[in-house]
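Chemist: A structural model of the following input is requested.
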Amino acid sequence: MSEKQLVTYTRNGRIVELRLNRPEKLNALSHEMVAALSDAMYRFDADNDAWAAILCAEGRAFCAGADVSSRIGTAAGRGVGRGAKITVFLNEYEHYKPVITAVHGYAYGAGFRFVLHSDLSIADTTAKFQLSEIARGIDASQLWAEMAVRGFGTFADDLALTGRACDAKEAYERGVIGRVVPAGTHIDAAYEVAEQVLGNPPLAVRAMVRSRRARLRQLEVQTGAVRQERTLHLTNDFRESVAALKEKRKPVFTCS
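Modeler: Numbers count the residues shown, from 1 in each chain. The predicted structure is shown next:
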């Protein structure tokens, strides 16, 4: 029996569909899944016949965020692992091909970051978005900064500090996502948008994408100078947040 593909790669004409495929865990990102997504993205970048990609997901959620339980007690959890990092998603590719996220269900934490990093985004009415890093006891400053630079202002402050989720309607009204479509039609809508993009000269499209991603890269470097991701996930509060999540109880934090 062949090993399950954590991210599937399907090309339809000029459009590649990248599908997160860990539905039993709501597509939460393990280290192996991050590596698989990185490999799929590099494959897309190197595929001369592929000009646009759609990132979507199997099951009832787009991506519930990082699989935090996989970080505790591991070398990667201490920031010394050799695995691919989530930051590799869009910033390290040569050809600057546009990526469209097609979201349904949860887009939490890293899943929300995929939406913010993608060049275009579509969500169906079941979608929910959250900066879950705060609730888990880790640093959400990168996502907050990416929201703030795109003009979300006090809405970014609200989501970052309260840790609350917002639905597709609110996200659309605030400009976080580009379009909202009926439940179950997000992938079809993404293909329609991709075809519109492909109607333009590809080099002009990639020039625009490159400029946009360069700004995100600058922001990542600036925010990285002050963020504490590599220490916050070693705290007792982080461990307590994960334990409370597993045990389905209210966490008790100690600021330690």
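Chemist: pLDDT at residue 42, what is it?
Modeler: Looking at residue 42, its pLDDT stands at 91.
Chemist: list the residues that contact the closest residue to it other than its chain neighbours.
Modeler: With CB to CB, 6 or more residues apart in numbering as the criterion, residue 42 has its nearest non-adjacent residue at 7.2 Å, and that residue is residue 93. C-beta coordinates here come from the backbone N, C-alpha and C atoms, glycine included. Residues in contact with residue 93, defined by CB atoms under 8 Å, 6 or more residues apart in numbering, are 41, 42, 45.
Chemist: so where is the stretch 101-250 of the chain shaky, pLDDT-wise?
Modeler: Low-confidence segments of the stretch 101-250 of the chain (pLDDT under 70): 149-151, 221-230.
Chemist: now the end-to-end length of stretch 58-67.
Modeler: Stretch 58-67 stretches 17 Å from its first residue to its last (CA to CA, to the nearest Å).
Chemist: residues in contact with it?
Modeler: Counting by CB under 8 Å, 6+ apart, 8, 19-30, 33, 56-57, 86, 101, 103-112, 114, 127, 132-133, 136 sit against stretch 58-67.
Chemist: sorry, back to before: by neighbour count, which of the contacts of residue 93 wins?
Modeler: residue 41 (24 neighbours; other CB atoms under 10 Å).
Chemist: distance of it relative to residue 175?
Modeler: 25 Å (CB to CB, to the nearest Å).
Chemist: surely residue 146 meets residue 216?
Modeler: Yes: using CB atoms under 8 Å, residue 146 is in contact with residue 216, at 6.7 Å.
Chemist: buried set for the biggest helix by length in the chain?
Modeler: Identified as the longest helix of the chain according to DSSP state H is helix 202-224. Going by neighbour count (16 or more other CB atoms under 10 Å), the buried part of helix 202-224 is 202, 205, 209, 213, 216, 219, 220, 223.
Chemist: can you name the two of the residues you listed that sit furthest apart?
Modeler: Among these, the pair separated by the greatest distance (CB to CB) is 202 and 223, at 31.1 Å.
Chemist: picking up where we left off before, and of the contacts of residue 93, the nearest to residue 122?
Modeler: Set against residue 122, the nearest of these by CB to CB is residue 41 (18.9 Å).
Chemist: give me the element that closest one is part of.
Modeler: Using DSSP states H and E, residue 41 maps to helix 31-46.
Chemist: repeat that for residue 194.
Modeler: Counting by DSSP H and E, residue 194 is found in helix 186-198.
Chemist: kindly report the same for residue 123.
Modeler: Per DSSP H and E: strand 120-124 holds residue 123.
Chemist: show me what that strand is packed up against.
Modeler: strand 99-103, helix 168-173, strand 179-181, helix 186-198 (3 or more CB pairs under 8 Å, 6 or more residues apart in numbering; DSSP states H and E).
Chemist: buried ones in the last one, by neighbour count?
Modeler: Across helix 186-198, burial judged by 16+ other CB under 10 Å covers 186, 187, 189, 190, 191, 193, 194, 197.
Chemist: so who does the second one touch?
Modeler: By CB under 8 Å, 6+ apart, the residues touching residue 187 are 17, 54, 56, 102.
Chemist: how about 10 Å then?
Modeler: By CB atoms under 10 Å, 6 or more residues apart in numbering, the contact set of residue 187 is 17, 19, 54, 56, 57, 100, 102, 103, 104, 122, 124, 181.
Chemist: do the same with the third one
Modeler: The contact partners of residue 189, by CB under 10 Å, 6+ apart, come to 54, 100, 102, 122, 123, 124, 178, 179, 180, 181, 182.
Chemist: how about those residues in JSON lines, adding neighbour count and distance to residue 238?
Modeler: JSON lines is the format used below for the contacts of residue 189 (neighbours: other CB atoms under 10 Å; distance: CB to CB, whole Å):
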{"residue": "54", "neighbour count": "26", "distance to residue 238": "33"}
{"residue": "100", "neighbour count": "23", "distance to residue 238": "33"}
{"residue": "102", "neighbour count": "28", "distance to residue 238": "31"}
{"residue": "122", "neighbour count": "30", "distance to residue 238": "33"}
{"residue": "123", "neighbour count": "29", "distance to residue 238": "29"}
{"residue": "124", "neighbour count": "21", "distance to residue 238": "32"}
{"residue": "178", "neighbour count": "17", "distance to residue 238": "33"}
{"residue": "179", "neighbour count": "16", "distance to residue 238": "35"}
{"residue": "180", "neighbour count": "19", "distance to residue 238": "34"}
{"residue": "181", "neighbour count": "20", "distance to residue 238": "36"}
{"residue": "182", "neighbour count": "10", "distance to residue 238": "38"}
